[in-house]
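Engineer: here is the input, now give the coordinates:
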Amino acid sequence: MKQYIKYSGLVLAFLIVAGSLAKAQDKTRKILVIGVDGIINTAIDYATTPGVDQLLVDASYSMNGYSGVPAYSTTGWATLLTGVGAQKHGVATNKSFAGNKFEAYPSVINRIKSVNKTAKVASVVRNEGINTLLNSNADFKFQYGSDQGVYDKSAELLKQADIGAVFLQFSSPAEVGEAVGYQLREARYVLAIQQIDKYVEQLRAAITSRATYASENWAIFLVSTHGGTESGAQLSNSVEEFNVPIILSGGDMDKKELIGTAIAARENNDNVLTFNHAQSGDKTYVRIPIANTALKGMNKFTIELWVKSGVNSSDPSIIGDKDWDSGGNPGFTLCRSGSTWKINIANTKRERYDIGSSKTLEDGNWHHMCVTFDKTKECIVYQDGEKVGESKLTYKAEDDMSSPFNYLCLAQEGTQTYSGGAPNWAGAMNEVRIWTDVLSPQTIKDYMYLRNIETSNHPNRASLNLYMKLDETRGTVIQDLSGKGNHGELIGPATERHPLYAIGLTDVAVNILSHLGIRVDGTWGLEGNSLKSNVPFRLFKVK
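Structural biologist: Okay, the predicted model is just below:
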């Protein structure tokens, strides 16, 4: 009898939940997309934002989303609305949509209208180019010179019974940020953020007060198209500019804060590879065969990679091809040096140089490491795009820089046996690149944040001989995307793979379509991911 009551209760609970889900599915799906130019990633946590706080209760979100490079308003809007990055949609000029490829990668609004011609869609913007070039198929298009004008018209449109989707653009945070700097100690900038929050709160209230709200399934997306620097200068490729809040609230998305280290890596995403210290003592690293390649005994090179250091001791190799038991052994290593790092390099005559960075590496943050080497001239060390060490070199043209070992290793050195800081360097890596040429300081700074170098306009692409994105989600093969075929092998048991940025502007278009029940066609080439779980609800686990 107890079992009957128990399982009857479960069945009843299931029927109630199933009925609720069915009702939710029967509701008319609608969406409000609020794009804001110029909210930096720390602003929401700092400012007083009750309107945004309401959204977060029912949202999948990250305050550390990725807007893309270059981090311009026009580029951000193109990315948000097309679902692809700048290398596909072509918009890479500040305050211009020149070079766009919107015929190949149309706006999500045009995709909505192509599937559902009766859907009523509105676009209310500050930049008229969004309406004329991206959202031309919207039923209602308006452009205003102020955020207040955008708010007033959007609130009016949300009263229309037949409205299905409203896209709007606020720009005052960017306008203030350019004038006084994107800084939280600047009252004008914080007040601009708080004014946006008031608009968000009022627009949400306009939705919930609709006479038909009970029969509607609304999603509200709030995203920043770009952030900004403390000085207000537009660099287009700094972390402060492309690290932005992205909030997808309502609808059927999973409700959680998106943290890269806490979610599974996804195929074709910007992932990182983390090397840990295995409890077994086994070494964990990547080895790349270099025999008979341009990577062995390089006379000129630029090595660059992104790293986030873990807990280390002694002087393990971060990347290298030499026997690091002695700095005089031929070959090179970029290795730990106290809380910072250095390059050690020597020729076959055991003539060595040690050139270090003057800045810490072990502060819990991501850093760009870079070394340029021309054996008859100089070696320069860069960190985060800035020169931090250099030395003139006295090597001769005939000097041999070759290590006797035929592997270049990540988190180890050429022998694959180095035990200093055993069993291997610990930390995360992303975007490992080796060029058999000396990149200029400006090129390093301009391109250090750029992804997909293999399809970019990088001026030194012909000399790229190793390019590991480390995006793989499984297996032991680490792909070389340079086109030279220098693929690596993952060795050892102690690695993790996860997204570098859990969400980006390319994800927004996919989730707009998903919420509206429009299936994404693989031929569209969209680069985003849906945040809707494949399992809508689980009552209990069957053992």
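Engineer: beta partners for residue 166?
Structural biologist: Beta bridges link residue 166 to residue 32, residue 122 when assigned by DSSP bridges.
Engineer: and the pLDDT at it?
Structural biologist: With respect to pLDDT, residue 166 has a value of 98.
Engineer: report the contact partners of it.
Structural biologist: Residue 166 is in contact with 31, 32, 33, 121, 122, 123, 124, 154, 157, 158, counting by Cβ atoms under 8 Å, 6 or more residues apart in numbering. (C-beta placed from N, C-alpha, C; glycine too.)
Engineer: cutoff 10 Å now
Structural biologist: 30-34, 120-124, 138, 140, 153-155, 157-158, 160, 203, 206-207, 220 (Cβ atoms under 10 Å, 6 or more residues apart in numbering).
Engineer: residue 390 belongs to a helix?
Structural biologist: No. Counting by DSSP: H, G, I helix; E, B strand; the rest coil, residue 390 is not found in a helix; it is strand.
Engineer: these two touch, right, it and residue 374?
Structural biologist: No. The criterion here is Cβ atoms under 10 Å, and residue 390 misses it with residue 374 at 11.5 Å.
Engineer: quick one on the thing from earlier: just the ones of the contacts of residue 166 in strands?
Structural biologist: 30, 31, 32, 33, 34, 120, 121, 122, 123, 124, 140, 220 (DSSP state E).
Engineer: picking up where we left off before, need the overlap of contacts for residue 390 and residue 374.
Structural biologist: Counting by Cβ under 10 Å, 6+ apart, the shared contacts of residue 390 and residue 374 are residue 380.
Engineer: those two: who's more crowded?
Structural biologist: residue 374 (16 against 12; other Cβ atoms under 10 Å).
Engineer: list the contacts for the more buried one?
Structural biologist: 299, 300, 301, 302, 380, 393, 395, 437, 438.
Engineer: between those, which sits nearest residue 416?
Structural biologist: residue 301 (21.0 Å; Cβ to Cβ).
Engineer: ok, the closest one touching residue 408?
Structural biologist: No. Using Cβ under 10 Å, residue 301 makes no contact with residue 408, being 11.1 Å away.
Engineer: shared neighbours, these two?
Structural biologist: Joint contacts of residue 301 and residue 408 (Cβ under 10 Å, 6+ apart) are 295, 332, 434, 466.
Engineer: closest to residue 90 out of the ones in strands among the contacts of residue 166?
Structural biologist: Among the ones in strands among the contacts of residue 166, residue 123 lies closest to residue 90 (Cβ to Cβ), at 20.5 Å.
Engineer: distance check, the closest one against residue 504.
Structural biologist: From residue 123 across to residue 504, the span is 22 Å (Cβ to Cβ, to the nearest Å).
Engineer: ok, residue 222 next?
Structural biologist: 15 Å.
Engineer: tell me how many other residues crowd residue 329.
Structural biologist: Counted by other Cβ under 10 Å, the residues lying close to residue 329 total 21.
Engineer: and the pLDDT for it?
Structural biologist: What the model reports as pLDDT for residue 329 is 98.
Engineer: rewinding a little: just send the contacts of residue 374 back as TSV, with neighbour count and pLDDT too.
Structural biologist: Formatted as TSV, these follow (neighbours: other Cβ atoms under 10 Å; pLDDT from 0 to 100):
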residue	neighbour count	pLDDT
299	14	98
300	16	98
301	25	98
302	25	98
380	22	98
393	17	98
395	21	98
437	18	98
438	18	98
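Engineer: helices - which of those residues land there?
Structural biologist: Among the contacts of residue 374, no residue falls in helices (DSSP state H).
Engineer: mind listing what the closest residue to residue 226 other than its chain neighbours touches?
Structural biologist: In this structure, residue 226 finds its nearest non-sequential neighbour in residue 71, 4.3 Å apart by Cβ to Cβ, 6 or more residues apart in numbering. Taking Cβ under 10 Å, 6+ apart, we find residue 71 in contact with 86, 94, 225-229, 234-244, 449.
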